[in-house]
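[1] Sequence plus the predicted model coming up.
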Amino acid sequence: MNSATPSLAHFKLPVIENEPMKAYAKGSEERAKLKQALDDMIAQGTQEVPVVINGERIYTGSTEKQLNPSNHKSVVCNYHQADGALTEKAIQGAVAAQAQWEALPFNDRVAVFLKAADLLSQKYRYKVMAATMLGQGKNIWQAEIDAAAELCDFWRFNCKYAEEIYHQQPPKNAPGNWNRVEYRALEGFILGISPFNFTAIGGNIPSAPALMGNVVLWKPSPSAVYSNYLVYEILVEAGLPDGVIQFIPGPAEEICSVAVNHRKFAGLHFTGSTRVFKKLWTDVGANMDKYVSYPRLVGETGGKNYHILHPDLDKAGVHHAALQTIRAAFEFQGQKCSACSRCYVPKSLYNDFKASILAEHAKISQGAVQEFQHFSGPVINKFAFDKIKGYIDYAHASPDCEVIAGGKYDESVGYFIQPTIIHSKDNFTKTMVEEIFGPVVTMVVYDDDKFDETCKLIGDTTEYALTGALFARSRESIVHGSNLLRQTSGNFYINDKCTGAVVGQQPFGGARGSGTNDKAGSWTLLVRFISMRLIKENFVPISDYHYPSNVV
Ligand SMILES: NC(=O)c1ccc[n+]([C@@H]2O[C@H](COP(=O)([O-])OP(=O)(O)OC[C@H]3O[C@@H](n4cnc5c(N)ncnc54)[C@H](O)[C@@H]3O)[C@@H](O)[C@H]2O)c1
Ligand SMILES: N[C@@H](CCC=O)C(=O)O
């Protein structure tokens with residue numbers, strides 16, 4: 001008999017609010033505590049990160065290193081890798097754990113994630129931020145909005161959304177009947193694959209399906225293993241039962257091949273590049289005859305996000321757009337799927353916009369993240385450095401492009417690439433079309449009387465449709481532009497930068513090449529990981545099978 005808490009009440013969640021963000025101003029308590037956490041983490045040296053399956057921490061001896069991108073001679077952790085056999089063991093353990101986890105009353109599952117959020121908010125905030133800064137190259141503010149605030153918000157708001165979903169019941173009952181719906185987990189396991197660039201996404205990838213009663217194999221990014229492992233241990237301390245989430249860093253293709261070929265593969269929760277998601281989709285498609293049910297494939301992928309300025313902007317509006325473009329293009333070195341990497345400027349405003357953005361660009365300081373004054377830090381690794389460098393070298397060599405700011409790079413200590421601004425005469429130059437995922441933004445100029453055509457160009461230029469922003473003054477321009485740009489992004493911003501969605505405020509995601517647009521940070525993501533069962537209970541026995549219409 002299940003030892004779950006008997007259902008003796010309908011519990012109400014605590015009031016769910018966004019995690020307050022701390023400013024880390026000079027002399028503040030939070031800055032001192034974060035500094036201490038950074039110093040401690042630097043002093044502790046390289047950490048060992050295990051595979052965790054069924055609660056067992058497994059040091060396989062097959063290890064890879066996660067480097068500090070600010071100083072790539074420094075090793076943040078050695079992580080032990082799962083292989084195919086351990087992946088199979090993780091699947092068996094997860095599937096064995098599901099029945100008891102799903103049967104746990106909703107409030108007991110919720111309590112794990114609410115407690116994890118409070119543990120992160122208070123006890124572990126600075127440690128997880130320090131791991132995100134040193135391991136992934138985020139400065140203080142980028143670490144705060146991600147590894148502290150957004151992850152707390154994911155954990156808390158998902159509970160609120162899940163409660164709202166559970167309250168969705170059939171509105172009508174015929175006399176003598178009671179119709180009810182239960183929200184089952186999916187049969188089998190979910191494969192969760194997370195990217196390097198947000199610790200919060202790492203935490204949400206396994207947590208969202210698990211909250212709904214699913215069991216998950218979580219493969220973190222090799223460039224975010226340490227912070228993701230700390231997140232995992234917080235979930236364990238919060239009471240997550242063994243086997244519900246299996247933590248399996250390791251060779252992605254080997255792990256995914258075992259998982260995607262397994263009969264009990266019930267779904268994929270992926271965030272990462274479009275290329276990888278499309279490959280996984282085809283791998284699943286090739287195995288459809290093996291599965292118990294149709295797997296749920298949920299993916300948030302690439303972006304080639306834009307800012308467009310309307311000709312009706314005044315000088316102040318142009319300067320505001322320049323400031324917001326600096327933030328959207330260069331925060332976290334442009335390593336956000338939402339980063340602004342293309343900018344459309346009307347001819348009449350170009351000189352003012354160029355003057356503003358160059359003046360602001362000149363103020364950007366770049367360096368190691370533990371030197372708090374820097375707005376810009378390193379890109380994540382050698383692969384990214386070489387890829388982004390290639391786009392900059394292309395621009396330097398292209399007759400259609402002029403590098404008007406930045407354009408230099410240095411990997412002698414960390415993977416540092418200067419925030420770079422390109423002016424292109426070609427609307428379809430490579431840096432206007434392809435995702436760069438680095439601190440590079442390309443601007444093109446359009447004729448003032450070609451706003452409508454430019455809006456169409458925005459949609460026709462890339463495969464992506466993740467985020468975009470329109471800067472305009474009049475309501476008429478805002479309405480007109482919003483309508484023309486409807487299909488160009490899943491997150492559309494008006495007079496604001498195209499990055500920075502907050503859980504509970506701006507559900508996040510895009511369609512086309514940017515993903516399935518299931519919207520992380522909203523209820524629509526959670527419903528992808530449930531399978532409803534309708535229950536109709538009849539209270540009144542019948543005495544005859546005939547219907548009145550049969551009586552003649
Ligand atoms: N839309 C969003 O919400 C969102 C959020 C973050 C990142 N992203 C996208 O992710 C990319 C950057 O993150 P990244 O560099 O970690 O992406 P990535 O695709 O290189 O890696 C993402 C995850 O996939 C794994 N992976 C890599 N190759 C794989 C394979 N062949 N099979 C299975 N798994 C594989 C990686 O190990 C990692 O865990 C960018 O394209 C960015 O736009 C999108
Ligand atoms: N949700 C984040 C982007 C996540 C992807 O990298 C934003 O809105 O800036």
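    Thanks, I have the structure now. Ligands and ions are numbered 1, 2, ... in the order given.
[2] May I see the buried residues of whichever strand or helix holds D153?
    Taking DSSP states H and E as the definition, D153 sits inside helix 151-166. Of all the residues in helix 151-166, those buried under the rule 16 or more other C-beta atoms under 10 Å are 151-163, 165. All C-beta atoms are positioned from the backbone trio N, CA, C, and that covers glycine.
[3] same deal with stretch 288-302?
    Those would be Y291, P295, R296, L297, V298, G299, E300, T301, G302, for stretch 288-302 by 16+ other C-beta under 10 Å.
[4] Below-threshold pLDDT in this structure: ranges please.
    Under the criterion pLDDT under 70, the flagged ranges of the chain are 1-5.
[5] Spatially central residue in it, please.
    I201 (4.1 Å; C-alpha atoms, centre = their mean).
[6] Contacts only, for it.
    Contact partners of I201, counting by C-beta atoms under 8 Å, 6 or more residues apart in numbering, are S194, P195, T271, E300, A520.
[7] Show me which residues of the stretch 451-552 of the chain are close to ligand 1?
    L466, F508, S514, G515 (C-beta under 6 Å from any ligand atom).
[8] picking up where we left off before, could you dump the buried residues of stretch 288-302 into TSV and include secondary structure and distance to S338?
    Putting the buried residues of stretch 288-302 into TSV (DSSP: H, G, I helix; E, B strand; the rest coil; distance: C-beta to C-beta, whole Å) gives the following:
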residue	secondary structure	distance to S338
Y291	coil	33
P295	coil	27
R296	strand	24
L297	strand	22
V298	strand	18
G299	strand	16
E300	strand	10
T301	coil	12
G302	coil	11
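[9] can you tell me which of these are up against ligand 1?
    E300, T301, G302.
[10] Closest to ligand 2 out of those residues?
    Nearest to ligand 2 among those is E300, at 7.3 Å by C-beta to the nearest ligand atom.
[11] domains of this structure?
    83-301+515-536, 305-494 (automatic domain parsing).
[12] Which one of those lies nearest to ligand 2?
    domain 305-494 (3.5 Å).
[13] For the chain, list the residues in contact with ligand 1, please.
    So the chain meets ligand 1 at 193-198, 201, 219, 221-222, 252-253, 256, 271-273, 276, 279-280, 300-303, 337, 435, 437, 466, 508, 514-515 (C-beta under 6 Å from any ligand atom).
[14] Filter the residues you listed down to just the ones in strands.
    I193, K219, T271, E300 (DSSP state E).
[15] since we're on the third one, how many residues are nearby?
    Okay, so that is T271. 25 (other C-beta atoms under 10 Å).
[16] which residues touch the residue nearest to it when sequence neighbours are not counted?
    Distances taken as C-beta to C-beta, 6 or more residues apart in numbering put E300 closest to T271, at 4.5 Å, once the chain neighbours are dropped. Applying C-beta under 8 Å, 6+ apart, one finds that E300 lies in contact with I201, F270, T271, C337, F508, G509, G510, S514, G515, T516, D518, A520.
[17] quick one: which of these is nearest to ligand 1?
    Out of those, the member with the shortest distance to ligand 1 (by C-beta to the nearest ligand atom) is C337, at 3.2 Å.
[18] Quick check: phi and psi at Y493.
    phi -120, psi 140 (degrees, to the nearest 10).
[19] Can you name every helix or strand that the lengthiest helix in the chain contacts?
    Using DSSP state H to define each element, the chain has its longest helix at helix 84-103. Packing partners of helix 84-103 (3 or more C-beta pairs under 8 Å, 6 or more residues apart in numbering; DSSP states H and E): strand 51-53, strand 177-185, strand 189-193, strand 215-219, strand 245-247, helix 252-260.
[20] who touches the first one?
    To tie it back to what came earlier, the one meant is strand 51-53. Contacts for strand 51-53 (C-beta under 8 Å, 6+ apart): 57-60, 80-82, 86, 89-90, 93, 232, 236, 243, 246-250.
[21] Ok, the second one next?
    Judged by C-beta under 8 Å, 6+ apart, the contacts made with strand 177-185 from elsewhere in the structure are 98, 102, 165-166, 168-170, 172-173, 209, 212-215, 529-539.
[22] Repeat the analysis, applying 6 Å as the threshold.
    Strand 177-185 has contacts (C-beta atoms under 6 Å, 6 or more residues apart in numbering) with 102, 169-170, 173, 212-214, 530-538.
[23] Which of those residues fall within strands?
    Per DSSP E, the contacts of strand 177-185 map to strands at I530, S531, M532, R533, L534, I535, K536, E537, N538.
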